[in-house]
Structure formats: structure tokens, C-alpha cells
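what follows is a predicted structure for the sequence shown.
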Amino acid sequence: MSTEVGSPVAGLTTPLSDVPDPVFSQAMVGPGLAVKPTGGESDVVAPAAGQVVTLHPHAFVIAASTGGAVLVHLGIDTVKLKGEGFTLHVAKGDAVEAGQKMITWNPTEVESQGYSSTCPVIALEAAPESLTDLREDAQVLAGDPLFVLDA
């Protein structure tokens, strides 16, 4: 089964190798893409339909209903913000639809506090060759396709 993984935020897609954190840039947790958000306060949307299996203010994992799991991390080292500036709209265990509002945040505010706002979107425990149709170096809107995961 294949899962189309959408962008959780609007911005410019970049390869994971450009993410300023080796856990992501070296694909230690899995392959994917990153999105450098544009603009101020905005909603983060679910990249795929499924169930919220992990939820923190700065990150979440969705077990896709069509197979595989997708991690979205809002910025780098943003765990240090202790949830400040993030508003959750879902709870762990919720079923979500692709494009559903998950979290509201402000990437500009994150940057002003000295953190990168780049958002890695990772296919957890997936082989790099299981990702196809990667949209690198593209402007995307929240919900636009980033890649297809063959689970």
C-alpha cells in the first residue's frame, strides 16, 4: 500500500541533508524531506490520514491508515521551548484526516528565539528506496504532496 505524505506547513522543501541536526540530516530515524516554513503564525496540518500515536507540542507521529508512520518535527531543538508558542488541536489517539489542523505555531517566533524552524518530515523505519516522487527544492502549501511512501 502507498501513502501520499503531504507537507505539514507551507514553505520550501529541502533535502534532509540540509537539516542542522545530525539525527535528521543523516537519516538516523528514517528518510524524508524537510520544509523551511514561510510566514508567521500558521497551522500545521496532518501529512496523512491515520492515528496520532505520539504527540508533543513540537512534534508528532501519525500511523498512516494505509501503512507506515510519519514523524513531523516542528523546528530543531524546539523541545527546549517546553511547549511555549505551540497550540495543540488534537490529542494522542485521535484519528485524523490528511490536511486536518494539528498544531498552531509561529516559525518566525521560533527563529527569533535562536532555533531553526525547519520541519523534518520523516518516514519512520522505512528504507530510502520506499520513498518516491520526492518534491525537493519546491515551494509547497500545507497539504501539498511531499513524497509517496510504499509501506
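That came through, no problem.

can you give me the helices for this protein?
Assigned helices in the chain, in chain order: 22-25, 107-112 (criterion: DSSP state H).

which one of those lies nearest to Leu141?
helix 107-112 (14.5 Å; C-beta to C-beta). For glycine as for every other residue, the C-beta is placed from the backbone atoms N, C-alpha and C.

in JSON lines, list the helices of the chain along with mean neighbour count and mean pLDDT.
JSON lines is the format used below for those (neighbours: other C-beta atoms under 10 Å; pLDDT from 0 to 100):
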{"stretch": "helix 22-25", "mean neighbour count": "16", "mean pLDDT": "95"}
{"stretch": "helix 107-112", "mean neighbour count": "17", "mean pLDDT": "96"}
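
any idea how far the nearest residue to Ala126 once chain neighbours are set aside is from Met1?
Spatially, and ignoring its direct neighbours in sequence, Ala126 is nearest to Gly30 (5.2 Å; C-beta to C-beta, 6 or more residues apart in numbering). Separation of Gly30 from Met1 (C-beta to C-beta, to the nearest Å): 17 Å.
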